[in-house]
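J.: I would like to see how this sequence folds:
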Amino acid sequence: MMTDVTQDAPKAEMVSVPRILFVEDDESLANEVVEELTARGFTVRHEETGTAGLQAASSEPFDLMILDRMLPMLDGLAVIEKLRAQNIYTPVLVLSALSAVDDRVSGLKAGGDDYLTKPFAMDELAARLEALMRRPNDTRATMLRVGPLEMDLIDRSVRRDGREIELLPREFRLLEYLLRRPNQVLTRTMLLEDVWNYRFIPQTNLVDVHIGKLRRKVDAPDETPLIQSIRGAGFMLRVPG
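T.: Got it, this is the predicted structure:
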């Protein structure tokens, strides 16, 4: 007598595919980017106007946004400001043909997380997206408080025990990275990859120079030093427990 034995089929492993909202009115560039990112494993929704992009970002969850600076119907920076006002903090990479420092600063001050000028290489675009995805998930917080330090991510301000600290955009981003990882040793490689978006590690003292400038602003002579160098390892924002 034969017995029919039915075995459960192996369950497929669920893989989370990153969802990207791409807002760009240049049809040729849009097609190229969508094709490239799809081939790299992303799911991409493309919109052509700022208004359509805002509506999509307000109604659906996305892991990342790529947003052109100059868009029809609603400017890209206005889109970011409206999203942040709705407490939507999806990481945004701003694309623009405007490469002046003031334009980059404007993009970051509006709430953008990174800025890439046109024309750009697809490898660099992908590298910047990967760097944004490596950031911690608590990006919805608009205020970071660690020890005596307080950072407002909306108005881009920093204070230590009420003392206002004026930072340049890169210094702000570097301090934000430290604040999100207090009492952790951060190597120069980590900082170069995640703050500067370098895919390779150049022979440079770039990190040390910026850490030095940031330390002089954060740690006044009469204050307990917070930003510390860890010999042979990297740096740490050491906050007394």
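J.: could you pull out the helices for the protein?
T.: Ranges of helices within the chain are 27-39, 50-59, 76-85, 101-109, 122-133, 169-179, 188-194, 206-218, based on DSSP state H.
J.: elements contacting the third one?
T.: Read that as helix 76-85. helix 50-59, strand 64-68, strand 92-96 (3 or more Cβ pairs under 8 Å, 6 or more residues apart in numbering; DSSP states H and E). C-betas here are computed from N, CA, C, even on glycine.
J.: quick one: buried residues of it?
T.: 76, 77, 79, 80, 81, 82, 83, 84 (16 or more other Cβ atoms under 10 Å).
J.: which member of the residues you listed is positioned nearest residue 59?
T.: Of all the buried residues of helix 76-85, residue 59 sits closest to residue 83, with 11.6 Å by Cβ to Cβ.
J.: who's in contact with the closest one?
T.: 54, 57, 58, 89, 90, 92, 111 (Cβ atoms under 8 Å, 6 or more residues apart in numbering).
J.: mind checking how far it is from residue 153?
T.: From residue 83 across to residue 153, the span is 13 Å (Cβ to Cβ, to the nearest Å).
J.: same list (the helices of the chain) but as JSON lines, adding distance to residue 229 and mean pLDDT.
T.: Shown next, in JSON lines, are those (distance: least, Cβ to Cβ, whole Å; pLDDT from 0 to 100):
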{"stretch": "helix 27-39", "distance to residue 229": "39", "mean pLDDT": "94"}
{"stretch": "helix 50-59", "distance to residue 229": "40", "mean pLDDT": "93"}
{"stretch": "helix 76-85", "distance to residue 229": "34", "mean pLDDT": "87"}
{"stretch": "helix 101-109", "distance to residue 229": "27", "mean pLDDT": "61"}
{"stretch": "helix 122-133", "distance to residue 229": "24", "mean pLDDT": "86"}
{"stretch": "helix 169-179", "distance to residue 229": "13", "mean pLDDT": "91"}
{"stretch": "helix 188-194", "distance to residue 229": "11", "mean pLDDT": "85"}
{"stretch": "helix 206-218", "distance to residue 229": "8", "mean pLDDT": "95"}
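J.: mind checking which of those is nearest residue 228?
T.: helix 206-218 (8.6 Å).
J.: ok, the nearest residue to residue 64 once chain neighbours are set aside - contacts?
T.: Spatially, and ignoring its direct neighbours in sequence, residue 64 is nearest to residue 20 (4.9 Å; Cβ to Cβ, 6 or more residues apart in numbering). Contact partners of residue 20, counting by Cβ under 8 Å, 6+ apart, are 37, 42, 43, 44, 45, 62, 63, 64, 65, 66, 129.
J.: returning to that earlier point: let's have the helices of the chain in CSV, adding distance to residue 145.
T.: Compiled in CSV, these are given as follows (distance: least, Cβ to Cβ, whole Å):
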stretch, distance to residue 145
helix 27-39, 36
helix 50-59, 27
helix 76-85, 19
helix 101-109, 21
helix 122-133, 23
helix 169-179, 9
helix 188-194, 21
helix 206-218, 14
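J.: pLDDT score for residue 13?
T.: Looking at residue 13, its pLDDT stands at 39.
J.: and the one 10 residues further on, by the same measure?
T.: Note on residue 23: pLDDT of 96.
J.: for the nearest residue to residue 150 once chain neighbours are set aside, list each beta-bridge partner.
T.: Nearest residue to residue 150, sequence neighbours excluded (Cβ to Cβ, 6+ apart): residue 159, at 4.9 Å. Residue 159 has these beta-bridge partners by DSSP bridges: residue 150, residue 164.
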